[in-house]
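Q: Curious how this folds, go ahead:
(one chain, ligands or ions: 1)
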Amino acid sequence: MTLDEIKVVGIAGAGTMGASMAQIFAQYGYTVIIYDAFEAGLERGKHLVEINQASLVEAGDITAEQSAEIKTKLSFTGDINGLKDCDIIVESVLERLDVKQDFWVKAEAVVSPDCILATNTSGLSINKIFANCKDKTRACGMHWFNPPHIVPLIEVINNDETKQEIADTVYQLSLKIGKKPIYVKKDALGFIGNRIQAAILREAVYIVEQGIGDYKDVDGAMKYGLGFRYACLGPCEVVDQGGLDVHHHIATYLWEDLSDAKYPSGEFEAIYQAGNYGVKTGKGFYDYSGDKADKAIEARDAMYLAMAKCNPTGVGEAHGYEN
Ligand SMILES: NC(=O)c1ccc[n+]([C@@H]2O[C@H](COP(=O)([O-])OP(=O)(O)OC[C@H]3O[C@@H](n4cnc5c(N)ncnc54)[C@H](O)[C@@H]3O)[C@@H](O)[C@H]2O)c1
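A: Numbers count the residues shown, from 1 in each chain. Below you'll find the predicted structure:
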């Protein structure tokens, strides 16, 4: 399957990620079939499409007419056979290995032998997800970031048998829909983005546990310092700008003082065990009771959209690579 042959995109799982990803493909002219095993999932997916489209129109990213056109390209189904004419399926169902494995065995039996099989797992093993499929050479990871209709990054991850031309097609497809793909060269848990994110979270909760700062201080350090730079430069570029000698020196006394925890613990674990999951439950590290959750999401999207308009492509060209 080459890039030009892809006309029909299947999205499995109409949730937070799937519904949003579907709209982007539709925006770039693809016919999109959204499958979900649950009626409630399909209904939520339709609702999410409406919300996301409204925020894009409000932000002036697309016109009301374009939004109406996008919606005509989307169809929803609760029948897995509805995916049979797809040229690529991007699966975004529940993050459980058994659920994903089961989906892919069923989906592979329905689609053509050329259809590309891609999973949006956050970090499960790509090899394991496709372990029970007959043809693993056409399967890979295609990992998006939330909210996918705004965040540019997509990670393309090979399993041990993925044909490079399949990964290349998924990479090219990502570029075609306005994204910034990167290759992940081997099937490592969490890939690249979520490994870095997990390292930051581990240190953030450790800093609070050690009484070095509270959550607001940690988030402030990130938003107004590190994150400000990271929107433009990656960690390796930041070090090159600041001086490798300086950062090497810091590493020699600081790395040994950082958290090397192997499992979540302390207050982070306690907050989780209390069922406080953040905006979706009205409380996490912060309070989102009443209308604070909706306001926090709206404020987030407004900031992300403004950031996306800056098109932070980095300075790759300055040192000889495209990014
Ligand atoms: N939410 C994020 O920030 C994020 C970011 C990147 C990747 N992901 C990954 O994307 C995937 C989906 O996450 P989400 O946040 O959209 O979850 P979600 O709970 O919002 O949506 C999951 C959807 O999958 C459906 N579903 C469950 N089992 C199914 C099955 N067997 N067949 C078909 N549909 C099924 C559910 O009905 C639901 O609509 C997960 O693998 C997750 O790790 C999530």
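
Q: could you pull out the helices for the chain?
A: 16-27, 39-58, 64-72, 97-110, 126-129, 164-176, 193-209, 215-221, 227-230, 235-242, 244-254, 266-273, 292-310 (DSSP state H).

Q: Can you check the pLDDT for Ala299?
A: Confidence at Ala299, expressed as pLDDT, is 90.

Q: quick one, what contacts the residue in the stretch 151-300 of the chain that the ligand sits nearest to?
A: Residue nearest to the ligand within the stretch 151-300 of the chain: Asn194 (8.2 Å; CB to the nearest ligand atom). For the C-beta atoms, the positions are set from N, CA and C on the backbone; glycine is no exception. When contacts are counted by CB atoms under 8 Å, 6 or more residues apart in numbering, Asn194 touches Ser122, Gly123.

Q: Quick check, pLDDT for it.
A: 96.

Q: Please apply the same query to Ile62.
A: 91.

Q: Confirm for me that it is in contact with Lys71.
A: No: contact between Ile62 and Lys71 fails when scored by CB atoms under 8 Å: they sit 11.1 Å apart.

Q: For those two, indicate the residue with more neighbours.
A: Ile62 (17 against 14; other CB atoms under 10 Å).

Q: how close does the nearest residue to that one once chain neighbours are set aside sit to the ligand?
A: Distances taken as CB to CB, 6 or more residues apart in numbering place Leu56 nearest to Ile62, at 5.0 Å, with adjacent residues excluded. Here the criterion is CB to the nearest ligand atom, to the nearest Å. By it, Leu56 lies 18 Å from the ligand.

Q: can you pull the contacts of Leu56?
A: With the criterion set at CB under 8 Å, 6+ apart, Leu56 makes contact with Ile62, Ser67, His149.

Q: Mind putting these into a markdown table with distance to the ligand?
A: What follows is these, written out as a markdown table (distance: CB to the nearest ligand atom, whole Å):
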| residue | distance to the ligand |
| --- | --- |
| Ile62 | 22 |
| Ser67 | 21 |
| His149 | 12 |
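
Q: can you list the residues you listed in CSV and add distance to Asp98?
A: Output for those, formatted as CSV (distance: CB to CB, whole Å):
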residue, distance to Asp98
Ile62, 38
Ser67, 37
His149, 29
